[in-house]
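Enquirer: Just need the structure, nothing else, for what follows:
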Amino acid sequence: MFEAAGIGAAVHREIQTAYPSEMLEEAGRLATWLQELAARYEEQVHIRIVAPQSLEGFFKSLRYRVHRYPAFIINRRKKYVGWEPATLECLLADMLPSGEEKV
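Expert: Residues are numbered from 1 along each chain as shown. Predicted structure coming up:
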């Protein structure tokens, strides 16, 4: 949409300079991880991204007692906070025994 309006490159440059490089690297790492999860589990999982600084994110952080990110809430029962894919994969495997349940 931005590129069609002729402002895509300008917005991209502004984003690159507005945030610290480590934050941009983490965002890229998280995006890649989520894409891999979506490809692996396809219709078995429902991935929803909520910004922690949003009102919804604030209330979810309180509800699930999350103070670090990234945080993953699985079936509203289990939570995982961190960057270790193997740990998250184990939780997903435990919660999806039939392949029908959504995360």
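
Enquirer: Tell me the secondary structure of the spatially most central residue of the chain, please.
Expert: Central residue of the chain (Cα atoms, centre = their mean): residue 49, 5.0 Å from the mean position. Here residue 49 is recorded as coil under DSSP: H, G, I helix; E, B strand; the rest coil.

Enquirer: What separation is there between it and residue 60?
Expert: In this view, residue 49 and residue 60 are 11 Å apart by Cβ to Cβ, to the nearest Å. Every residue, glycine included, has its C-beta placed from N, CA and C.

Enquirer: Dihedrals phi and psi, residue 81?
Expert: In terms of degrees, to the nearest 10, the main-chain angles of residue 81 are phi -120, psi 120.

Enquirer: In this structure it contacts residue 65, no?
Expert: No: counting by Cβ atoms under 8 Å, residue 81 does not reach residue 65; the two are 9.8 Å apart.

Enquirer: Looking at these two, which one has more neighbours?
Expert: Set residue 81 next to residue 65 and count neighbours by other Cβ atoms under 10 Å: residue 81 wins out with 17 against 9.

Enquirer: give me the beta-bridge partners of the more buried one?
Expert: residue 71 (DSSP bridges).

Enquirer: ok, residue 37 - contacts?
Expert: 45, 47, 88, 92 (Cβ atoms under 8 Å, 6 or more residues apart in numbering).

Enquirer: Longest helix in the protein, please.
Expert: helix 21-41 (DSSP state H).

Enquirer: What's the first helix or strand after it?
Expert: Counting by DSSP states H and E, the next helix or strand C-terminal to helix 21-41 is helix 55-64.

Enquirer: Just the buried residues of that next one, please?
Expert: 57, 61, 64 (16 or more other Cβ atoms under 10 Å).

Enquirer: Return the backbone torsion pair for residue 84.
Expert: Phi and psi for residue 84, reported as degrees, to the nearest 10, are phi -100, psi 100.

Enquirer: element containing the closest residue to residue 41 other than its chain neighbours, please.
Expert: Among residues not flanking residue 41 along the chain, residue 92 sits closest, at 7.0 Å (Cβ to Cβ, 6 or more residues apart in numbering). Secondary structure assignment for residue 92, by DSSP H and E: helix 85-95.
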